[in-house]
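> Kindly generate the corresponding structure for this input.
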Amino acid sequence: MRDTHSSVIERKPAKKKFLSPDALWAFILLIPLLLGIALVYFSALFGFAMSFTSWDIVRKAEWVEMSNYRTMIGDELVWKAMRNTLFFLLITIPAKLVIGFFLAVLLNQKLRGIQLFRLTYFFPTACSVVAIALVWGYLYGANGFLNQILQSFGLSKVYWMDESHAMGSIAIMTLWSGMGYIALLFLAGLQNVPPDFYEASRVDGASKFQQMWKITIPLVTPTTFFILVTQIIAAFQMFGEVYLLKGPSNSTLTIVQYIFKEAFQGFRMGYASALSYILIIIILIITVIQLRIQKRWVHYDL
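From the prediction side, this is the model:
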């Protein structure tokens with residue numbers, strides 16, 4: 001009798017590949033990004049370790065424990081830099097929010113050539129910080145354009161970049177240069193408000209002011225929250241404006257500029273690293289507080 005089992009051909013299961021060709025290509029394309037992320041984390045950990053040392057790049061780093069952090073408590077320039085940074089934060093951000101919102105309302109009108117106006121207001125944002133500082137440096141000069149206008153009306157010169165006026169002058173420059181970006185974000189938020197809400201409110205007899213207060217402002221709070229978070233971080237990181245257009249006697253010194261001076265002019269890398277981590281902690285605390293309280297005033301629907 002014929003053995004039926006002998007006619008069955010046994011097939012070994014195919015070995016599964018560890019990565020499919022598509023997954024392999026995806027991993028290869030992600031390698032530059034992964035290397036960049038790894039470099040960022042390595043730099044952060046290296047900087048944290050450096051903050052406990054005294055290192056001038058040339059000589060070997062010396063472990064000083066918490067000495068750098070104790071030194072900054074009594075460093076008057078640290079407190080001056082923080083006061084200047086808070087000045088920019090408290091003055092420019094509310095002004096940007098208010099002016100940017102109402103500018104966006106104007107740019108949201110359906111008028112002929114409104115795209116040209118939107119481009120005009122956004123143009124300063126596309127310019128480099130260097131170009132903006134050079135132009136405003138000319139405007140603020142002792143014989144600059146602004147003083148020429150004042151003198152044409154019989155008024156005396158204003159020394160815009162002296163110790164008492166420099167902070168306000170730079171604040172005006174940053175307000176002008178960043179207004180287009182803020183207005184553009186608010187404009188996007190306004191255009192995302194459903195028109196049905198306005199139609200229903202008109203039927204109920206709501207005025208323009210009531211529509212603004214009850215519909216527009218609440219529904220652009222997500223945009224306001226995003227602008228608030230990003231602009232606070234940007235204010236703490238302000239460097240280019242005060243580096244290029246700085247006042248005398250550290251009158252416009254900011255915390256990031258002080259970190260730069262300590263690291264690359266004084267070559268106190270350990271102390272600069274400690275300042276950097278204090279700045280990171282401050283920004284982190286403010287951001288966490290904003291995320292916690294945003295549920296109370298940010299509305300995604302009416």
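
> ok, so what distance separates the residue nearest in space to the middle of the chain from residue 163?
The centre of the chain sits closest to residue 234, judged by C-alpha atoms, centre = their mean, with a distance of 3.1 Å. According to C-beta to C-beta, to the nearest Å, residue 234 and residue 163 sit 25 Å apart. Glycine gets a C-beta too; all of them are placed from N, C-alpha and C.

> How much space separates residue 91 from residue 169?
Taking C-beta to C-beta, one finds residue 91 at 12 Å from residue 169.

> Just after the worst-scoring helix or strand of the chain on mean pLDDT, pick out the following helix or strand.
Ranking every helix and strand in the chain by mean pLDDT, DSSP states H and E puts helix 114-126 at the bottom, with a mean of 85. Later in the chain than helix 114-126, the nearest helix or strand by DSSP states H and E is helix 129-139.

> Any buried residues in that next one, and which?
129, 132, 133, 136, 137, 139 (16 or more other C-beta atoms under 10 Å).

> Grab the CA positions of the helix or strand following that helix and hand them over as PDB.
Later in the chain than helix 129-139, the nearest helix or strand by DSSP H and E is helix 145-152. Taking Å, rounded to 0.1, in the frame of the first residue of the first chain, the C-alpha atoms of helix 145-152 are listed here in PDB:
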ATOM      1  CA  PHE A 145      15.100 111.600  10.900                       C
ATOM      2  CA  LEU A 146      13.100 111.800  14.100                       C
ATOM      3  CA  ASN A 147      15.100 114.700  15.500                       C
ATOM      4  CA  GLN A 148      14.900 116.500  12.200                       C
ATOM      5  CA  ILE A 149      11.100 116.300  12.400                       C
ATOM      6  CA  LEU A 150      11.100 117.600  16.000                       C
ATOM      7  CA  GLN A 151      13.400 120.500  15.100                       C
ATOM      8  CA  SER A 152      11.100 121.400  12.100                       C
END
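
> Show me what the mean pLDDT comes to for the helix or strand following helix 145-152.
Downstream of helix 145-152, the next assigned helix or strand under DSSP H and E is helix 166-191. Helix 166-191 carries an average pLDDT of 92.

> chain center to helix 166-191: distance?
From the chain centre to the centre of helix 166-191 is a distance of 12 Å (C-alpha atoms, centre = their mean, to the nearest Å).

> Could you do stretch 246-259 as well?
With C-alpha atoms, centre = their mean as the basis, stretch 246-259 stands 19 Å off its chain's centre.

> hey, C-alpha coordinates of that stretch in CSV?
The C-alpha trace of stretch 246-259 is given here as CSV (Å, rounded to 0.1, in the frame of the first residue of the first chain):
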residue,chain,number,x,y,z
LYS,A,246,22.3,99.0,22.7
GLY,A,247,22.3,101.8,25.1
PRO,A,248,25.2,103.0,27.4
SER,A,249,26.2,101.5,30.7
ASN,A,250,24.3,98.2,30.3
SER,A,251,21.1,100.2,30.2
THR,A,252,19.6,97.7,27.7
LEU,A,253,21.3,94.6,29.0
THR,A,254,19.0,91.5,28.7
ILE,A,255,19.5,88.1,30.3
VAL,A,256,20.4,86.4,27.0
GLN,A,257,22.8,89.2,26.1
TYR,A,258,24.5,88.8,29.5
ILE,A,259,24.8,85.1,29.0
